[in-house]
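Novice: Only the shape, not the letters, is given here:
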């Protein structure tokens, strides 16, 4: 049960954490000026958005869950599971960020999931 | 006409940022690993050891290059998410697997198994399919 919770945290908390960062960046607005001083201003603006901190907390939680699961499971079993995060990203993008995913994007995401799983399994 | 030009600009700058991500991320990881391995066995048994180890790490140019690459990755990742969909950027960044394989062959003279090439090929195909969709399906400010 604890292992299942660990896998859930790795995939869902990790992906949701990144989506929170995405939401914060969208709230800050599209960046047009790429000069260092302008980028520092964007960073200061983003630091005031709560989603950044929620995102960082979730990504930290996912990292420690990964360490915890790796202490009881083989890396060759744990790491391929992380390919599921691409699928979670598609579902979360749609539900949490209001993105409209058409069939092509879903097909692409599934291919990436499959490809990443094969790449990781080939390391055994 | 203006909408078409704006769409092309958006796609181009999204692809440039993803290119920076897929190059800087794996390169940063490789440089950090190389830098840390080059330092030999490190000890943090006492406070003095910890300070010595910290000094060794901070004095290594390869590690600083690695940190600069990782910082570039993080900045590009954050910036691209300010206008592009997460469900577009996340799978597209999986191109890093292909970059790692090429870096392994060119820099470290490693061999890549046929199964790994198959996986990389499927990832590339997936990225091409995702890349043909619109990078932004939501409104940004």
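Specialist: Received it, and whenever you're ready, just let me know what you need. In this text the structure is predicted, and so the values were computed from the model without any measurement.

Novice: Show me the helices in chain A, by range?
Specialist: A:2-8, A:14-28, A:36-46, A:50-70, A:75-81, A:84-95, A:103-121 (DSSP state H).

Novice: Tell me which of the ones you listed is the most buried.
Specialist: helix A:14-28 (a mean of 23; mean count of other C-beta atoms under 10 Å in any protein chain shown). For every residue, glycine as well, the C-beta is placed using N, CA and C.

Novice: Next one: it, is it in contact with chain B?
Specialist: Yes: against chain B, helix A:14-28 shows contacts by C-beta under 8 Å from any C-beta of the partner chain at A:15, A:18, A:19, A:21, A:22, A:25, A:26, A:28.

Novice: Let me see the contact set for the residue nearest to the spatial centre of chain A.
Specialist: The centroid of chain A falls nearest to residue A:15 when counting by C-alpha atoms, centre = their mean (2.6 Å). Applying C-beta atoms under 8 Å, 6 or more residues apart in numbering or on different chains to residue A:15 gives the contacts A:85, A:88, A:89, A:92, B:90.

Novice: do residue B:112 as well
Specialist: B:101, B:104, B:105, B:120.

Novice: Repeat that for residue A:14.
Specialist: A:58, A:59, A:62, A:63, A:66, A:82, A:85.

Novice: re the thing from before, which non-adjacent residue is nearest the residue nearest to the centre of chain A?
Specialist: residue A:88 (4.2 Å; C-beta to C-beta, 6 or more residues apart in numbering or on different chains).

Novice: nearest residue to residue 105 other than its sequence neighbours?
Specialist: Going with chain A. Per C-beta to C-beta, 6+ apart, closest to residue A:105 is residue B:133, 4.6 Å.

Novice: hmm, I had chain B in mind actually
Specialist: Spatial nearest neighbour of residue B:105, excluding adjacent residues (C-beta to C-beta, 6+ apart): residue B:112 at 6.3 Å.

Novice: Quickly find the element holding that neighbour.
Specialist: Assigned by DSSP states H and E, residue B:112 belongs to neither a helix nor a strand.

Novice: ok, now residue B:23?
Specialist: Per DSSP H and E: helix B:2-38 holds residue B:23.

Novice: Which elements pack onto that helix?
Specialist: On a contact count with 3 or more C-beta pairs under 8 Å, 6 or more residues apart in numbering or on different chains; DSSP states H and E, helix B:2-38 meets helix B:61-80, helix B:86-92, helix B:96-106.

Novice: Looking at those, which one is packed in the most?
Specialist: It is helix B:86-92: most buried of the helices and strands packed on helix B:2-38 by mean count of other C-beta under 10 Å, with a mean of 27.

Novice: Lovely, talk soon.
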